[in-house]
Each structure stands twice: as structure tokens, then as C-alpha cells.
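1. what's the 3D shape of this:
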Amino acid sequence: EWWSGAIFCGWGAQCHLSSIGRGPAAALATQESYDGFLAALERHGVVPPTLTIDDKWQETYGRNLPDTSKWPDLRGFIARRHELGKHVLLWWKAWDPEGRDPELCIRRPDGFPVAVDPTVPAARELIRRTMH
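-> Next up is the predicted model:
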């Protein structure tokens, strides 16, 4: 039921900051940016029940660990929203090989990894652990 309501996704705000010269949109998925986005919405009486933290909160797409230079306290950020009865979604770029062993990936003929290979048992296990 909760996800059928309003959801604020930070991608548009990240793109806006990028358009005014603050850097690439993906570099703007930061705790500081999202605190600012939510504060601006609240000043206008908009308090969405669900937030999506968009591209690129993680160090690498393949491993999906928080980039602590951007999110010094992602766990705390999420916990504070939960304390307010809010939900937080993390954007996940499924199957991206960034940060993964090329042996776990589908590769081009030149060996360049293009996607995590779900037919490799070790890759499936890594994906399963990433989602928990």
C-alpha cells in the first residue's frame, strides 16, 4: 500500500543541479543534496511518504555498497526517515558489472565485461547477498 502513494525521486533534482553547473548528475546523489531536496520540499509543505535515492549513491554499481564520501551515514539517513514513518528506496542498476570480477560477467569478444552473468553460480550468490 505504501508504494502506491507519492514518491519523491531525486534524479530530477540531481539533473537540475547538474544543469546549473554543479557537476554530473550522478555525482550529486549525496547525503547533503538529499537533505537539501527534502528540506526544500518541506518548506513548501510537501512531505512525500517515500523517497528514492537515485543514481549513484553506491561506490560501484556491481557491489552496491554506499559511497561513504557521498553518504557518510546512509544507514542513519534511512533510519531517521523510518523513525518518521517514511520509506526509502535505493536505485539499483541490476546486472551492471562495475566493481565485479570479470569472470562473473558476460564479456565482449575483447574480454570487456558488459553484465553480471546470472548463469554463473558465484555471480547469483553475490547478487543474492547484495539484495539482503
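
2. biggest helix in this protein, by residue count?
-> helix 31-43 (DSSP state H).

3. Show me what counts as buried in it.
-> Neighbour counts over helix 31-43 (16 or more other CB atoms under 10 Å) mark 31, 33-34, 37-38 as buried. Heads up, the C-betas are built off the backbone N, CA and C, glycines and all.

4. and the nearest residue in space to residue 71 that is not next to it in sequence, what is it in contact with?
-> Spatially, and ignoring its direct neighbours in sequence, residue 71 is nearest to residue 31 (4.8 Å; CB to CB, 6 or more residues apart in numbering). Residues in contact with residue 31, defined by CB atoms under 8 Å, 6 or more residues apart in numbering, are 70-74, 77.

5. Residue 13 now?
-> Contacts of residue 13 (CB under 8 Å, 6+ apart): 33, 37.

6. do the same with residue 54
-> By CB under 8 Å, 6+ apart, the contact list for residue 54 reads 9-11, 14, 29, 91.

7. try residue 123
-> With CB under 8 Å, 6+ apart, residue 123 has these contacts: 100, 104-105, 116-117.

8. If you count neighbours, what's buried in the helix or strand containing it?
-> Here residue 123, judged by DSSP states H and E, is contained in helix 121-130. Judged by neighbour count (16+ other CB under 10 Å), helix 121-130 contains these buried residues: 123, 126-127.

9. neighbours of residue 45, just the number please.
-> The tally of other residues near residue 45 (other CB atoms under 10 Å) stands at 6.

10. Quick one: the helices in the protein, in order.
-> Here the chain has its helices, by DSSP H, at 11-19, 31-43, 74-83, 121-130.
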